[in-house]
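K.L.:
sequence and predicted structure, then a few things I'm wondering about:
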Amino acid sequence: ADPKNIVAIAVFVGVAVSVASVVGLAARRTHQASRLRAESEILSFLAGDVLRGETTLEALLERVRETFGMESVALLERSGETAAWTCAGSVGPRPAESPEDADVDVPVGDHMALSLRGRVLPAADRRVLAAFAAQAAVVLDRQRLQSEADRAKELAEGNRIRTALLAAVSHDLRTPLAGIKAAVTSLRSDDVEWSAQDQAELLEAIEQGADRLDHLVGNLLDMSRLQTGTVVPIIRETGLDEVVPMALGGVPNPEECVDLDIPETLPMVHVDRGLLERAVANVVENAVKYSPPDERVLISASALADRVEVRVVDRGPGVPDEAKDRIFEPFQRYGDAPRGVGVGLGLAVARGFTEAVGGTLHAEDTPGGGLTMVLALPTAAGPRPGQPDLSAAAAT
């Protein structure tokens, strides 16, 4: 054979081997780069979502299961070295009950472990898995701290309501009781000869005091029902022109201080009639209480898309924007309302009952001065009885 050909073949083989080595190295580095990029994306996800507090423990474990293609993932913990393992959270079927039962387990501190079932992972995946395990422990701690904070907030709110209730009982409920007792004592006195007119006035004072007590105790009981979640609305189709006039029963001489504009052609609303009546009554009584003697309260209603809005408009002093939400909190009385006119539960009960029937209640400024309460209520699906079904007529 020609020595030149042998040398050429040797050179070609050497070049081929070199090219193959370079290509193999490039492929390995490309694969490594892809892997590092995937790891950086995963770590970026952990750093972003976990630090923002947007990830729940279950969502994080599900991400682990999908990322590594596992059957189940569980975060296990125990109180001590000899204590039994308990599951703090898991996703997938048949989660491991202890690290020994898992195909892969990653310790997190001394008393916690992330356990995976499905397959054995290569060592290269354990670095990212360790990051997942550490973040799972952080998420679990955050959820528990949040639960403790929520419980503490509930306890604080309960204490505040109990304190306010005691204050209400000690003053606002005793005021009408004192008036009733004074009137009864006067009527029973043998030292004074009361005229028929005087007796009628004392009896009227007793009746007014009893009505105030009934109203105050009713609001207290309603707020108790709302706080304990025992309000169960009975939703049915109801006409506002039937409910709103009934809600004026607690307003003294409503024909002298309230104007009604409730069209009979309004759609039916889907509400609990009793709860809506009580909500409207509380809102109207509040409006009348704060309105000047020479100004009338206007109650109007109109249909807007899939809801009906009831507006209770007064010309009182109004409420600044920063206090509009606060007036719906229990035991809140805005401005210079004197003690003895209520315990500050009327609007809180009204909003609670409105939301219980699927509606909303908020406050707006009245143009020209005053406050407007807006109740938005869901309409019923079909036409009101006695009205033609326009959609059916159009179809024919």
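P.N.:
Happy to help now that I have it.

K.L.:
now the phi/psi pair for residue 261, please.
P.N.:
Main-chain dihedrals, residue 261, degrees, to the nearest 10: phi -140, psi 70.

K.L.:
pLDDT below threshold where in this protein?
P.N.:
The chain contains residues with pLDDT under 70 at 1-2, 31-54, 158, 160-172, 227, 332-343, 381-396.

K.L.:
show me it divided up by domain.
P.N.:
173-228, 236-335+344-378 (automatic domain parsing).

K.L.:
what's the end-to-end length of the longest one?
P.N.:
Using Cα to Cα, to the nearest Å, the span of domain 236-335+344-378 from its first residue to its last is 11 Å.

K.L.:
I'd like the numbering to begin with 855 instead of 1 from here.
P.N.:
In the new count, where the first residue is 855, that last one comes out as domain 1090-1189+1198-1232.

K.L.:
chain center to it: distance?
P.N.:
Offset of domain 1090-1189+1198-1232 from its chain centre (Cα atoms, centre = their mean, to the nearest Å): 22 Å.

K.L.:
quick check, central residue of the protein?
P.N.:
Against the mean C-alpha coordinate of the chain, by Cα atoms, centre = their mean, the closest residue is residue 1209 at 10.6 Å.

K.L.:
grab the nearest non-local neighbour of that one.
P.N.:
Spatially, and ignoring its direct neighbours in sequence, residue 1209 is nearest to residue 1215 (7.4 Å; Cβ to Cβ, 6 or more residues apart in numbering). C-beta here means a position set from N, CA and C on the backbone, and glycine is covered the same way.

K.L.:
quick one: contacts for that neighbour?
P.N.:
Residue 1215 makes contact with 1133, 1137, 1182, 1201, 1204, 1205, 1208, 1209, 1227, 1228, 1229, 1230 under the criterion Cβ atoms under 8 Å, 6 or more residues apart in numbering.

K.L.:
of those, which is the nearest to residue 1027?
P.N.:
Nearest to residue 1027 among the contacts of residue 1215: residue 1201, at 18.9 Å, using Cβ to Cβ.

K.L.:
the helix or strand that contains the closest one - contacts with which helices or strands?
P.N.:
Under the criterion of DSSP states H and E, residue 1201 resides in helix 1200-1210. Contacts defined by 3 or more Cβ pairs under 8 Å, 6 or more residues apart in numbering; DSSP states H and E place helix 1200-1210 against helix 1050-1082, helix 1127-1144, strand 1214-1219, strand 1225-1232.

K.L.:
residue 1035 is nearest to which of these?
P.N.:
Going by Cβ to Cβ, the one of the helices and strands packed on helix 1200-1210 nearest residue 1035 is helix 1050-1082, 8.9 Å.

K.L.:
next SSE downstream of the closest one?
P.N.:
Heading C-terminal from helix 1050-1082 (DSSP H and E), you reach strand 1090-1092.

K.L.:
got the buried residues for the helix or strand just after that following strand?
P.N.:
Using DSSP H and E, the helix or strand that directly follows strand 1090-1092 along the chain is helix 1094-1100. Within helix 1094-1100, the residues that qualify as buried are 1094, 1097, 1098, 1099, counting by 16 or more other Cβ atoms under 10 Å.

K.L.:
for stretch 1057-1073, same thing?
P.N.:
Buried residues in stretch 1057-1073, counted by 16+ other Cβ under 10 Å: 1059, 1060, 1063, 1066, 1067, 1069, 1070, 1072, 1073.

K.L.:
before we move on, what about stretch 1120-1140?
P.N.:
Here stretch 1120-1140 shows 1120-1127, 1129-1140 as buried, counting by 16+ other Cβ under 10 Å.

K.L.:
then stretch 975-986?
P.N.:
Neighbour-count burial for stretch 975-986 flags 975, 982, 983, 985, 986 (criterion: 16+ other Cβ under 10 Å).

K.L.:
ok so the third one is a strand residue?
P.N.:
No. For residue 983, which was evaluated using DSSP: H, G, I helix; E, B strand; the rest coil, the result is helix, with no strand membership.
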